[in-house]
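> Everything below, folded, please.
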Amino acid sequence: MSGFPSFSALVIVTLAVWRVTHLLWGEDGPWDLFLRFRIAAGNGFAGKVLDCFYCLSLWTAAPAAWLLVEGWAERVVVWLAVSGGAVLLERLTRPKPQPLVAEWRATPFLETEYEKEQS
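The predicted model follows:
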């Protein structure tokens, strides 16, 4: 394939890269296969890559970009685009943390012993 891929090919490859990256990064898999794989990777380079979704998406997108287009310039652009698309998908699908809520009190807090000693 020469030049840039079609939009539909880019979307399909981005979805595939997101799926594989998410599978390796955050899922246990059948029989805890991917969990055991991450544990076996340890704290070395591979373990650190498997702990970081952003890093892992770059590594997962590289072979996809290599197979999708020809030419170095196109491969670099598609590589970064597909990885970026996977990161966007991850951010959109990640559960949102609950915001912290300030607690209102009708009466003020009592002075601490330290504050009493200082006055």
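
> how about the helix or strand Leu56 falls within: buried residues?
Assigned by DSSP states H and E, Leu56 belongs to helix 53-68. For helix 53-68, the neighbour count (16 or more other CB atoms under 10 Å) marks 53, 56-62, 64-65, 68 as buried. For glycine as for every other residue, the C-beta is placed from the backbone atoms N, C-alpha and C.

> contacting residues around the helix or strand where Ala16 lies?
If you go by DSSP H and E, Ala16 is part of helix 7-26. Contacts of helix 7-26 with the rest of the structure, by CB atoms under 8 Å, 6 or more residues apart in numbering, involve 4-5, 29, 34, 37-38, 50-53, 56-57, 60-61, 64-65, 68, 78, 81-83, 85-86, 89-90.

> before we move on, the earlier item: tell me what angle the helix holding Leu56 forms with helix 7-26.
Here the directions of helix 53-68 and helix 7-26 differ by 140 degrees (axes from the mean of the first three to the mean of the last three CA atoms, to 10 degrees).

> CA-only coordinates of helix 53-68, as CSV, when you get a sec.
The C-alpha coordinates for helix 53-68 follow below in CSV (Å, rounded to 0.1, in the frame of the first residue of the first chain):
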residue,chain,number,x,y,z
PHE,A,53,-0.7,2.4,28.6
TYR,A,54,0.8,5.3,26.7
CYS,A,55,4.2,3.6,26.3
LEU,A,56,2.6,0.2,25.4
SER,A,57,0.4,1.8,22.7
LEU,A,58,3.5,3.1,21.0
TRP,A,59,5.0,-0.3,20.9
THR,A,60,1.7,-1.9,19.8
ALA,A,61,1.2,0.7,17.0
ALA,A,62,4.7,0.3,15.5
PRO,A,63,4.1,-3.0,13.7
ALA,A,64,0.6,-2.0,12.7
ALA,A,65,2.0,1.1,11.0
TRP,A,66,4.8,-0.8,9.5
LEU,A,67,2.3,-3.2,7.8
LEU,A,68,-0.2,-0.6,6.9
